[in-house]
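# give me a model of this one.
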Amino acid sequence: MIRPFVQGDSESHRRSAIRFAGILALGHIAMAGFFVALIHQVGSVTAAYLPRDTAIAICVAATLIAIGVDFHAIRNNTYSIGLKRQTAKSLAHQEGRPWWLTPLMWGLDTGMIWSTFRVSCTSWVLLLSALLNVAPQWSGLVYGLSFGVPLLAVVIMENLAKSTESAMPGMLRIVQATGLTLLAALPAALILSVYANT
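Below you'll find the predicted structure:
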């Protein structure tokens with residue numbers, strides 16, 4: 001987790017924590033924007049042969065499945081479906097490396113969506129929606145901003161630095177519940193978009 005890099009009470013450590021979170025957020029936003037746009041472009045080849053109503057129905061079904069998966073993860077106090085790995089923290093402690101390399105690599109890694117822990121299936125629904133050209137090409141930027149801006153805000157407000165390790169599962173549940181809420185709203189939005197276009 002990010003906590004060891006953003007904890008501390010000294011003024012210099014607080015500035016370092018903000019810089020760390022800022023570079024991580026920028027890397028995440030840039031990679032999420034690029035990766036989702038790339039998936040959208042790849043999907044444009046096959047989306048031309050798939051009726052829009054069918055693509056939306058597939059996204060609605062995937063969203064309903066994702067809601068079940070996320071609800072199960074919350075009940076079992078675990079992460080959602082995804083690789084159980086992340087950028088090595090030891091990268092920050094290797095001599096001769098610039099200070100910004102670890103947060104940049106961490107941000108790029110998390111922004112790639114599929115390559116690390118997932119708190120919610122929202123990420124997978126986004127990728128599927130982009131592949132089917134239901135989500136717009138720029139939706140990865142929104143996804144990235146929805147992670148990066150709150151992260152930076154939390155670090156700036158020192159909430160993350162003041163919380164204890166035992167408080168982390170509570171934060172995880174809050175993020176998962178937020179993702180679950182967004183997933184629950186998505187099918188209605190997709191169905192409404194079908195009727196709005198008819």
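
# how many neighbours does T181 have?
Per other CB atoms under 10 Å, the neighbour tally for T181 reads 14. C-beta here means a position set from N, CA and C on the backbone, and glycine is covered the same way.

# report pLDDT for it.
Confidence at T181, expressed as pLDDT, is 70.

# what helix or strand is V125 located in?
If you go by DSSP states H and E, V125 is part of helix 122-131.

# tell me the first helix or strand C-terminal of that helix.
helix 139-156.

# list the buried ones in that next one?
Buried positions in helix 139-156, judged by neighbour count with 16 or more other CB atoms under 10 Å: 139-141, 143-144, 146-148, 151-152, 154-155.

# stretch 126-138 too?
Under the neighbour-count criterion of 16+ other CB under 10 Å, stretch 126-138 has 126-135, 137 buried.

# and for stretch 36-47?
Here stretch 36-47 shows 36-37, 39-40, 43, 47 as buried, counting by 16+ other CB under 10 Å.

# out of these, show me where the pLDDT dips lowest.
A47 (83).

# who are the packing partners of the helix ranked longest in the chain?
The longest helix of the chain (DSSP state H) is helix 11-47. Secondary-structure packing of helix 11-47 (3 or more CB pairs under 8 Å, 6 or more residues apart in numbering; DSSP states H and E): helix 3-6, helix 101-111, helix 122-131, helix 139-156.

# let's go with 6 Å and repeat that
helix 101-111, helix 122-131, helix 139-156 (3 or more CB pairs under 6 Å, 6 or more residues apart in numbering; DSSP states H and E).

# that one to helix 101-111, inter-axis angle?
Using axes from the mean of the first three to the mean of the last three CA atoms, to 10 degrees, the direction of helix 11-47 lies 30 degrees away from that of helix 101-111.

# wouldn't S123 be in contact with S115 here?
No. Judged on CB atoms under 6 Å, S123 makes no contact with S115 at a distance of 10.7 Å.

# ok, the two, which is more surrounded?
Set S123 next to S115 and count neighbours by other CB under 10 Å: S123 wins out with 23 against 17.

# quick check: closest non-adjacent residue to the more buried one.
The shortest distance from S123 to any non-neighbouring residue, by CB to CB, 6 or more residues apart in numbering, is to I113 (4.8 Å).

# mind checking which helix or strand of this structure has the lowest mean pLDDT?
helix 159-162 (a mean of 48; mean pLDDT, DSSP states H and E).

# in terms of pLDDT, where does W138 sit?
In this model, W138 carries a pLDDT of 90.

# now do the SS call for W114.
The three-state assignment at W114 reads coil, by DSSP: H, G, I helix; E, B strand; the rest coil.

# report how many residues lie close to it.
Neighbours of W114 using other CB under 10 Å come to 12.

# G22: what's it in contact with?
Contacts were defined as CB atoms under 6 Å, 6 or more residues apart in numbering; by that measure G22 touches L152.

# next one: it from S16, what distance?
In this view, G22 and S16 are 11 Å apart by CB to CB, to the nearest Å.

# what's the answer for R75, then?
According to CB to CB, R75 and S16 sit 37 Å apart.
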